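Trainee: what shape does this take:
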Amino acid sequence: MASPSTWATRLRYALSKMSYSAAVSLRMYNAGKIRKIGEFASCLHSNFFHAKLTSVHWAPNLGNEMAPAIHSNGAAVLVRKLLRETNPMPLFVGDVVVVRDPEDSQFLIRRLAAIEGCEMVSTDENDTPFVLAHNNCWVLADNQSLMPKLGQPFVWTSSS
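Mentor: Numbers count the residues shown, from 1 in each chain. Just a heads-up that it's a prediction; the model follows:
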């Protein structure tokens, strides 16, 4: 028999999945793709029982950016979908996230360093401090020995 903590985890996952399913169904209804209550219920059912919130991805040849947390030759990574509307699992500074690089549309695995509302202060006295705007976050690679690129805030946009 499963322990109470296992059941609590399963319940929390089911509630997150129901919230995700409702948000996707509501988005489709608002976009006009669903017109009847029966279609809405069918979409809700389909998303709850067939959509995956968490999946395993093989991240090949990451390089040394995330070493030693993730091996440079590749690693299996668990990825959980997040929607801003439902917020099934809040993000915190220090979490490892998968983001799409705005320059070349590749996925990057990075550690969340700051979220919206955080004040960013440089060690260089010539730089002026700034506060990250709404829907912006700051991500960093774990490997401190690499030379960082010019930092830009990452704008988080919800994907359908």
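Trainee: what is the mean pLDDT for stretch 119-129?
Mentor: Averaged across stretch 119-129, the pLDDT comes to 85.
Trainee: what does it rub up against?
Mentor: With contacts defined as CB atoms under 8 Å, 6 or more residues apart in numbering, stretch 119-129 is touched by Ala114, Phe130, Val131, Leu132, Trp138. Placement of C-beta: from N, CA and C, glycine included.
Trainee: tell me which of those fall in strands.
Mentor: Secondary structure from DSSP state E places Ala114, Phe130, Val131, Trp138 of the contacts of stretch 119-129 in strands.
Trainee: tell me the one of the contacts of stretch 119-129 nearest Arg100?
Mentor: When the contacts of stretch 119-129 are compared for distance to Arg100 (CB to CB), Trp138 wins out at 15.6 Å.
Trainee: burial measure for the closest one, as a count.
Mentor: The local packing of Trp138 (other CB atoms under 10 Å) involves 19 other residues.
Trainee: try Ile34
Mentor: If you count neighbours by other CB under 10 Å, Ile34 ends up with 19.
Trainee: secondary structure element for it?
Mentor: According to DSSP states H and E, Ile34 maps onto no helix or strand at all.
Trainee: how near is the closest residue to Tyr13 other than its chain neighbours to Val79?
Mentor: Closest residue in space to Tyr13, ignoring its immediate chain neighbours: Leu53 at 7.3 Å, by CB to CB, 6 or more residues apart in numbering. Going from Leu53 to Val79 by CB to CB, to the nearest Å gives 9 Å.
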